[in-house]
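Asks: no sequence on hand, only this structure:
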């Protein structure tokens, strides 16, 4: 397998207040593990800045202008209690979207087999007109619309295994039966959405988990709810909202996943992508706030993308 890593140093310069869990050290920890020999064959590129037009595929003009207008020259600017901007944040957010759209280009043009986007801030909580949950722009939603606009990949699926429900992606996909959103997540937990009864146009598949649930429960939820629905949807492109905060060590959640669970779900998703989407997989970093667990879990996920196997 040929896997491309897209990232950019500006994403480390996106600052949040002291003690905030979504901090620059997240990418530093990931970069450290990606420097090991296990990743020597990983192709690497700097994430480009997204075009404004690509962001407008998912967010309206007035919202994008509002985010641009909040960008501070100095210090930090709060959007809400959780979501902050510093002088580097706007470019970091543009690079996050740029990574996701560049990933679609690389997949659609057969440059690589799959892509992992290691950027921050994350994106899956950003709604059409609202920044929240550390997120400014919804990277995966923009990528889905971009794939349809540029490459006629009409049926696009997002599968999200972050501990927090991707309310923004669900909201953006809600009324479009050719966009699929499937999620495992802890409930009750921020942002409060993600009940099984939230089904959109029959294209939304939520499998909420409870505090303390193990990797076995996670695998059962995926195997009985999300994966069969994804298989039936027959996507042209699969995008993963890859949050690693369902790990047992994460401070923001209460699930008990291990690294092996992330390898397992990665391989299952790749199998469905091989069956329906000619192997087209784009994975985008979302959460993960224990530095060691984030690095090891993302590392296993990327190794699975690279090899199509759970080897260590």
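Replies: Perfect, thanks for sending it. Just so it is clear, the model here is predicted, and its values are computed rather than measured. Numbering: from 1, shown residues only.
Asks: name the residues that touch stretch 70-78?
Replies: Contacts of stretch 70-78 from elsewhere in the structure, counted by Cβ atoms under 8 Å, 6 or more residues apart in numbering, are 15-17, 79, 84-87, 89-90. In short, each C-beta sits where N, CA and C put it, glycine included.
Asks: which one of these has the most neighbours?
Replies: The most crowded member of the contacts of stretch 70-78, judged by other Cβ atoms under 10 Å, is residue 89 (27 neighbours).
Asks: spit out the contact partners of the residue nearest to that residue when sequence neighbours are not counted.
Replies: Counting by Cβ to Cβ, 6 or more residues apart in numbering, residue 89 lies nearest to residue 14, which is 4.7 Å off, once chain neighbours are set aside. When the contact criterion is Cβ under 8 Å, 6+ apart, the partners of residue 14 are 24, 86, 88-89, 92-93, 120-121.
Asks: pLDDT at residue 14, what is it?
Replies: What the model reports as pLDDT for residue 14 is 98.
Asks: tell me the spacing between it and residue 298.
Replies: 18 Å (Cβ to Cβ, to the nearest Å).
Asks: which strands or helices does the helix ranked longest in the chain pack on?
Replies: Among the elements of the chain assigned as helix by DSSP state H, the one spanning the most residues is helix 89-108. Using 3 or more Cβ pairs under 8 Å, 6 or more residues apart in numbering; DSSP states H and E as the contact definition, the elements that helix 89-108 packs against are strand 3-7, helix 10-13, helix 52-55, helix 61-70, strand 114-118, helix 139-151, strand 237-242, strand 281-285.
Asks: give me the neighbour count for the residue nearest to residue 268 when sequence neighbours are not counted.
Replies: If the residues on either side of it in the chain are set aside, residue 268 comes closest to residue 227, at 5.9 Å by Cβ to Cβ, 6+ apart. For residue 227, the number of neighbouring residues by other Cβ under 10 Å comes to 21.
Asks: go ahead and confirm residue 227 touches residue 270.
Replies: No: between residue 227 and residue 270 no contact is recorded; they are 11.6 Å apart, counting by Cβ atoms under 8 Å.
Asks: residue farthest from the centroid of this structure?
Replies: Distance to the chain centre peaks in the chain at residue 74, reaching 28.6 Å (criterion: Cα atoms, centre = their mean).
Asks: ok, it to residue 95 distance?
Replies: Using Cβ to Cβ, one gets 21 Å for the distance from residue 74 to residue 95.
Asks: residue 125 against residue 133, yeah?
Replies: Yes: in terms of Cβ under 8 Å, residue 125 counts as a neighbour of residue 133; the distance is 3.0 Å.
Asks: tell me which of these two has more neighbours.
Replies: Under the neighbour definition other Cβ under 10 Å, residue 125 and residue 133 were set side by side, and residue 125 has more, 29 against 25.
Asks: how much space between residue 281 and residue 289?
Replies: 24 Å.
Asks: neighbour-wise, which of these two wins?
Replies: residue 281 (26 against 23).
Asks: which one is the more buried one nearest to, not counting chain neighbours?
Replies: Once flanking residues are discounted, residue 281 sits nearest to residue 114: 4.2 Å by Cβ to Cβ, 6+ apart.
Asks: surely that neighbour and residue 278 touch.
Replies: No: judged on Cβ under 8 Å, residue 114 makes no contact with residue 278 at a distance of 11.2 Å.
Asks: and those two? Which one has more around it.
Replies: Under the neighbour definition other Cβ under 10 Å, residue 114 and residue 278 were set side by side, and residue 114 has more, 26 against 12.
Asks: tell me, what's the model's pLDDT at the more buried one?
Replies: pLDDT, residue 114: 98.
Asks: again with the one 3 residues further on
Replies: Listed pLDDT for residue 117 reads 98.
Asks: pretty sure it contacts residue 97?
Replies: No: at 9.7 Å, residue 117 does not count as touching residue 97 under the criterion of Cβ under 8 Å.
Asks: between the two, what contacts are shared?
Replies: Common neighbours of residue 117 and residue 97 are listed as residue 139 (criterion: Cβ under 8 Å, 6+ apart).
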